[in-house]
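> any chance you could fold what I've pasted below:
(chains A and B)
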Number of protein chains: 2
Amino acid sequence: MSHQVAALFKTISSGVYVVGAAHGQQRNAFTASWVMQASFNPLMLSLSINPGNTSYRLIKAARAFAVSVLAREQMDLARHFGTQSGREHDKLAGQAWRAGITGAPILSEALSYFDCRLCFTRRAGDHVLVVGRVIDGAIFRSEAAPMTYASTGDLDGSGALYPSKF
Amino acid sequence: MSHQVAALFKTISSGVYVVGAAHGQQRNAFTASWVMQASFNPLMLSLSINPGNTSYRLIKAARAFAVSVLAREQMDLARHFGTQSGREHDKLAGQAWRAGITGAPILSEALSYFDCRLCFTRRAGDHVLVVGRVIDGAIFRSEAAPMTYASTGDLDGSGALYPSKF
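Have a look, this model is predicted:
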């Protein structure tokens, strides 16, 4: 019965991203969809992430993160970085990635990427807004179309996280 | 030459929205695309808006705003609320709208809407993050598809706002 509110929130369009962070010998990356531009000058991105996520600690420690934009057909990557825990497992092992200028991991097969220095974080309900200045980025695959969150169905199981009504 | 960075930021998927606010006898609404969900519990939305916008003052004064989601074919509404100044002109005059629970204006012909109480604002570069708790909302037109920002081309003239490189 949470269907109606869940369906309402699906009318907000978003893409699907892999957010990466690294600090010292530790690194992690996870699938996210709450990502938007926040400023033109300077260029800034805002994400909203679960503070229980392993990557959140790394983002705070390194004061940096990278956002890799997934292409329409990369559901395997969305699933890989979305479903496995980064606590005991290096989700980047076996994946093609490189470190950005900030040191944050970028997926080499992504459609595009943004390399960001953390500006600030701010709690928002059960998530945390993470706002960063974009210091580098590029399109790797100009022929590809971005994956839309709407196309993933209930891949992330978020349908169950919405209340049934207001 | 700002083309490359502008194209990069277009790989971030977003929708097109009309954000409305009202305080006393004043009301305004404007086209926005930097909108994302920020929290499940409570349900929250985050926008990033230009603080020079007339509506920003109304959002702060009323501590509320509404987000109307535009459907794919509603480019006329995107243009109407995107290009006219709200300073001297009531952009809602002649449009079908109603006040939400918060009093903020909602477009009656939108695909869906979210009625929000302001939680906090926070400066982010040349914009301001506006974060609100969603207290009401509904889908008006379940058969419609949301307008994507990518489909609007350079309707908002934002291409010129990106630097040529990092």
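> only C-alpha atoms for contact and neighbour calcs from this point on.
Fine.
> A:Gly159: neighbour count?
One way to gauge burial is a neighbour count; for A:Gly159, by other Cα atoms under 10 Å in any protein chain shown, it gives 19.
> quick check: it touching A:Phe9?
No. Because the distance of 9.8 Å does not satisfy Cα atoms under 8 Å, A:Gly159 is recorded as not touching A:Phe9.
> can you show me the helices along chain A?
A:3-9, A:54-62, A:75-83 (DSSP state H).
> against which helices or strands is the first one packed?
For helix A:3-9, the contact count by 3 or more Cα pairs under 8 Å, 6 or more residues apart in numbering or on different chains; DSSP states H and E identifies strand B:127-139 as packing neighbours.
> now check stretch A:59-68, is it near chain B?
No. Legend: contact between stretch A:59-68 and chain B by Cα under 8 Å from any Cα of the partner chain is lacking; minimum distance shown is 10.0 Å.
> tell me which residues of that stretch are tucked away?
Applying a neighbour-count criterion of 16 or more other Cα atoms under 10 Å in any protein chain shown, the buried positions in stretch A:59-68 are A:59-60, A:62-68.
> nearest to B:Ala22 among those?
Of all the buried residues of stretch A:59-68, A:Val67 has the smallest distance to B:Ala22: 35.9 Å, by Cα to Cα.
> quick check: the closest one touching A:Gly20?
Yes. In terms of Cα under 8 Å, A:Val67 counts as a neighbour of A:Gly20; the distance is 6.5 Å.
> the closest residue to A:Ser112 other than its chain neighbours - how many residues pack around it?
Once flanking residues are discounted, A:Ser112 sits nearest to A:Ile139: 4.1 Å by Cα to Cα, 6 or more residues apart in numbering or on different chains. Using other Cα under 10 Å as the criterion, A:Ile139 is surrounded by 20 other residues.
> show me the shaky parts of chain A.
Within chain A, the set of residues satisfying pLDDT under 70 comprises A:1-3, A:84-88.
> returning to that earlier point: residues contacting the residue nearest to A:Ser112?
Contacts of A:Ile139 were listed using Cα atoms under 8 Å, 6 or more residues apart in numbering or on different chains, and they are A:111-113, B:8.
> also A:Ser158?
By Cα under 8 Å, 6+ apart, A:Ser158 has no neighbours at all.
> mind doing that once more with 10 Å?
Each residue near A:Ser158 by Cα atoms under 10 Å, 6 or more residues apart in numbering or on different chains is listed here: A:6, B:40.
> what's the distance between it and B:Ser46?
Distance of A:Ser158 to B:Ser46, computed by Cα to Cα, to the nearest Å: 18 Å.
> what's A:Ser68 in contact with, if anything?
For A:Ser68, the residues meeting the contact criterion (Cα under 10 Å, 6+ apart) are A:16-20, A:29, A:31-32, A:105-115, A:137-139.
> Produce a PyMOL select command limited to the buried residues of these.
Typed into PyMOL, the next command selects the buried ones out of the contacts of A:Ser68 (criterion: 16+ other Cα under 10 Å):
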select buried, chain A and resi 16+17+18+19+20+29+31+32+105+106+107+109+110+111+112+113+114+115+137+138+139
